[in-house]
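> Show me the folded form of this:
(one chain, ligands or ions: 1)
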Amino acid sequence: MSSIESLASSITEQVSKLSSLLQEEHLPSPTFDEPGFGDFAYEADTPAGKSLRDIRHRILDSAQDLIRLVQGPTEHILTLTWATADTANINLITQLRIHEYVPLGSSISIKDLAAAVRIPESLLARIVRYGVANGVFVEESPNIIRHSASSAALVQNPHLTNIVRFGAEDLGKIMTKIPEAVVLKRDDPVHAPDAAFNLAYGTGESLFSYFQRNEAVNKRYHEYLAGRVHTPMWSVDRLRAAWPWGSLGKVKVVDVGGSSGHTVLALAPLMPDATFIVQDSNLSALEMGRRAVAEDSSLRSRISFEEYNFFEPQPVQADVYIYRHILHDWRDDEAVKILSSLLPALRPGARVFISEGIIPEPPARRLNTLTSKMTRLEDVFMLGAHDSRERTVSEFESLFHRVNPGDFRLAGVTSGVEAGAFQSLLEFEFVGLKN
Ligand SMILES: C[S@@+](CC[C@H](N)C(=O)[O-])C[C@H]1O[C@@H](n2cnc3c(N)ncnc32)[C@H](O)[C@@H]1O
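Numbering: from 1, shown residues only. So this is what the prediction gives:
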């Protein structure tokens with residue numbers, strides 16, 4: 001049982017280990033100031049990097065517990081209740097691009113910032129000061145704004161801004177409609193829409209077909225997908241480390257629903273003799289990928305992009321098929337159809353990799369860090385966006401079993417959570433058609 005005393009002493013012990021490690025690695029101790037920008041959560045899979053990540057999680061876990069015990073149940077619930085105001089504020093900051101108008105390394109007056117952003121000074125001041133309250137920006141003297149480490153990160157890491165844009169604006173809009181969608185399904189199932197997405201966007205279409213026809217949101221979505229692999233939780237580094245990709249030699253790899261090819265771009269350097277095909281039904285995403293690969297002469301000849309609907313029979317006979325963040329977008333019947341469409345192309349020994357979050361078996365635990373909570377968050381995203389869900393290992397096995405009993409063998413599971421990623425990797429081997 002945690003007490004405030006035991007938590008505090010565990011934090012003291014871990015912080016002391018952390019500062020020694022930072023010193024050994026010649027990394028600065030984090031500060032709230034702009035030059036303090038430095039996420040050591042980005043550390044690589046070296047022994048020191050792993051220790052840093054591990055200690056970071058321990059401190060965050062204990063510190064969150066300590067905060068909750070000290071704030072008490074009422075303030076805890078109220079903090080959860082008002083989280084939408086935080087989302088709205090960071091959404092507004094990035095939509096107005098306020099962070100871009102605050103100079104790095106110096107400061108700007110609220111008056112000049114308001115003129116640059118083109119909104120009234122008093123309104124700008126309220127938006128920025130809410131940000132300051134959250135540690136985004138600093139008011140160094142009355143009406144003079146400079147960057148904090150976090151607002152500077154928005155400028156220095158455009159991928160982060162892309163994640164905020166789609167996450168706060170689009171996923172945010174969808175998530176706020178989840179309660180209405182769930183209650184409608186209970187009270188008026190005949191007229192209820194498929195998912196909260198349909199209420200949020202006022203459409204009967206699925207998210208994928210709606211996005212395909214609406215260029216602005218489609219661009220935000222695929223930039224978000226490409227951007228998130230540059231953050232610790234979704235980092236392709238964890239996928240790279242999860243399996244001995246280099247051992248595969250001269251193979252053909254298909255990334256099914258690979259968007260603009262960010263997964264394949266990360267794996268290709270580890271597999272110098274392999275060729276890759278990125279398949280997706282979204283033409284703009286494929287075009288985005290073709291443009292990125294065209295700039296890299298070493299990859300151009302090994303990576304191609306093909307339009308493909310994964311409900312149709314798979315046209316490419318390959319050694320490896322990757323489904324990264326695909327099955328969780330679909331309900332069980334649909335996921336079984338997606339996997340079944342592979343059958344015409346599969347040869348015994350072919351590998352099918354599933355890279356996404358794995359829901360742990362119950363009982364559920366309190367989850368204090370964003371990384372450990374991410375699978376649950378992703379499950380909420382899936383509920384809102386597609387009325388689909390994250391799955392446990394045995395639920396994945398049952399999907400493969402439904403495709404054709406005995407055809408697939410679960411060859412291995414590499415959990416990403418301990419390594420600071422939320423996705424895990426499941427490897428299935430096709431052992432042949434049994435009937
Ligand atoms: C959640 S994203 C995952 C993208 C990428 N694999 C990743 O991990 O970032 C789902 C992808 O599936 C694609 N998609 C949706 N429906 C599809 C279909 N019927 N056939 C092929 N691709 C589809 C979308 O365009 C999108 O790129």
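> Can you pull out the residues in contact with stretch 369-381?
Contact with stretch 369-381 is made by 57, 60-61, 64, 171, 174-175, 178, 232-233, 328, 356-360, 367, 389-390, 417, 420-422, as judged by Cβ atoms under 8 Å, 6 or more residues apart in numbering. Every C-beta, even on glycine, is put in place using the N, C-alpha and C of the backbone.
> Give me the distance between it and the centre of its chain.
Relative to the chain's own centre, stretch 369-381 is displaced by 9 Å; criterion: Cα atoms, centre = their mean, to the nearest Å.
> Tell me the buried residues in it?
By 16 or more other Cβ atoms under 10 Å, the buried positions in stretch 369-381 come out as 369, 371-372, 374-375, 377-381.
> thinking again about what came up before, which of the contacts of stretch 369-381 fall in strands?
Using DSSP state E, the subset of these located in strands is 356-357.
> And the contacts of stretch 369-381, which of them are buried?
Applying 16+ other Cβ under 10 Å to the contacts of stretch 369-381, the neighbour count classes 57, 60-61, 171, 174-175, 178, 232-233, 328, 356-360, 367, 389-390, 417, 420-422 as buried.
> Okay, and A266 sits in which element?
Using DSSP states H and E, A266 sits within helix 262-267.
> next SSE after that helix?
From helix 262-267 onward toward the C-terminus, using DSSP H and E, the following helix or strand is strand 275-280.
> Does that next one pack against any helices or strands, and if so which?
Judged by 3 or more Cβ pairs under 8 Å, 6 or more residues apart in numbering; DSSP states H and E, the packing partners of strand 275-280 are strand 252-256, helix 262-267, helix 283-294, strand 303-307.
> Burial check on A226, number of neighbours?
A226 has 20 neighbours, counted by other Cβ atoms under 10 Å.
> surely H76 meets V70?
No. Checked against Cβ atoms under 8 Å, the pair H76 and V70 is beyond contact range at 10.1 Å.
> Looking at those two, which one has more neighbours?
The neighbour comparison of H76 against V70 (other Cβ under 10 Å) goes to H76, with 13 against 10.
> what mean pLDDT would you report for whichever helix or strand the more buried one is part of?
Element membership for H76, per DSSP H and E: helix 47-81. In this model, helix 47-81 has an average pLDDT of 93.
> buried stuff in that helix?
Counting neighbours by 16+ other Cβ under 10 Å, helix 47-81 gives 49-63, 65-66, 68 as buried.
> helices or strands next to the following helix or strand past that helix in the packing?
Next helix or strand after helix 47-81 toward the C-terminus (DSSP H and E): helix 83-95. Here helix 83-95 touches helix 121-133, helix 149-156, helix 158-164, helix 172-176, going by 3+ Cβ pairs under 8 Å, 6+ apart.
> buried residues in the helix or strand that comes right after helix 83-95?
The C-terminal neighbour of helix 83-95 among helices and strands, as given by DSSP H and E, is helix 98-101. By 16+ other Cβ under 10 Å, the buried positions in helix 98-101 come out as 98-99, 101.
> got it, and stretch 344-354?
Buried residues in stretch 344-354, counting neighbours by 16+ other Cβ under 10 Å, are found at 345-346, 350-354.
> and if you look at stretch 334-341?
Buried residues in stretch 334-341, counted by 16+ other Cβ under 10 Å: 335-336, 338-341.
> which one of the residues you listed is nearest the ligand?
Among the buried residues of stretch 334-341, I338 lies closest to the ligand (Cβ to the nearest ligand atom), at 7.9 Å.
> Report the contact partners of the closest one.
Residues near I338 by Cβ under 8 Å, 6+ apart: 310-311, 323, 326-327, 330.
> Let me see the mean pLDDT of the host helix or strand of it.
Using DSSP H and E, I338 sits within helix 332-340. Per-residue pLDDT over helix 332-340 has a mean of 98.
> Next, the angle strand 252-256 makes with that helix.
Angle between the axes of helix 332-340 and strand 252-256 is 160 degrees (criterion: axes from the mean of the first three to the mean of the last three Cα atoms, to 10 degrees).
> distance between helix 332-340 and the chain's centre?
Taking the mean of its C-alpha atoms, helix 332-340 sits 23 Å from the chain's own mean (Cα atoms, centre = their mean).
> Please apply the same query to stretch 340-356.
Worked out by Cα atoms, centre = their mean, stretch 340-356 lies 24 Å from the chain centre.
> what does stretch 145-164 give?
Taking the mean of its C-alpha atoms, stretch 145-164 sits 17 Å from the chain's own mean (Cα atoms, centre = their mean).
> And stretch 178-193, what's buried?
Within stretch 178-193, the residues scored as buried using 16+ other Cβ under 10 Å are 178, 181, 184, 192-193.
> Tell me the gap between that stretch and the middle of its chain.
How far stretch 178-193 lies from its chain's middle: 27 Å, per Cα atoms, centre = their mean.
> Quick one: name the residues of the chain near the ligand.
Residues of the chain lying close to the ligand (Cβ under 6 Å from any ligand atom) are 208, 225, 257-259, 263, 280-282, 285, 308-311, 324-326, 329.
> please redo it, this time with the cut-off set to 5 Å
208, 225, 257, 259, 280-282, 309-310, 324-325 (Cβ under 5 Å from any ligand atom).
> can you put the contacts of I338 in CSV and add secondary structure?
Shown next, in CSV, are these (DSSP: H, G, I helix; E, B strand; the rest coil):
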residue, secondary structure
F310, coil
F311, coil
Y323, strand
I326, coil
L327, helix
W330, coil
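> Out of those residues, who's the most crowded?
Of all the contacts of I338, the highest neighbour tally under other Cβ under 10 Å goes to L327, namely 26 neighbours.
> residues in contact with that residue?
Contacts of L327 were listed using Cβ under 8 Å, 6+ apart, and they are 335, 338-339, 354, 356, 391, 396, 399.
> Equivalent analysis for Y101, please.
Y101 sits next to 108, 113, 116-117 when contact means Cβ under 8 Å, 6+ apart.
> give me the low-pLDDT residue ranges for the stretch 1-150 of the chain?
Within the stretch 1-150 of the chain, the segments meeting pLDDT under 70 span 1, 36-38, 40-44.
> thinking again about what came up before, now, the contacts of Y101 that are in strands?
Using DSSP E to define strands, the subset of the contacts of Y101 located there is I108.
> Columns neighbour count on top of the contacts of Y101, output as TSV?
Compiled in TSV, the contacts of Y101 are given as follows (neighbours: other Cβ atoms under 10 Å):
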residue	neighbour count
I108	18
L113	24
A116	16
V117	19
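> just the contacts of Y101 now: which is nearest the ligand?
Ranked by distance to the ligand (Cβ to the nearest ligand atom), the contacts of Y101 are led by V117 at 31.8 Å.
> How about the closest one, nearest residue that isn't a chain neighbour?
In this structure, V117 finds its nearest non-sequential neighbour in L96, 5.0 Å apart by Cβ to Cβ, 6 or more residues apart in numbering.
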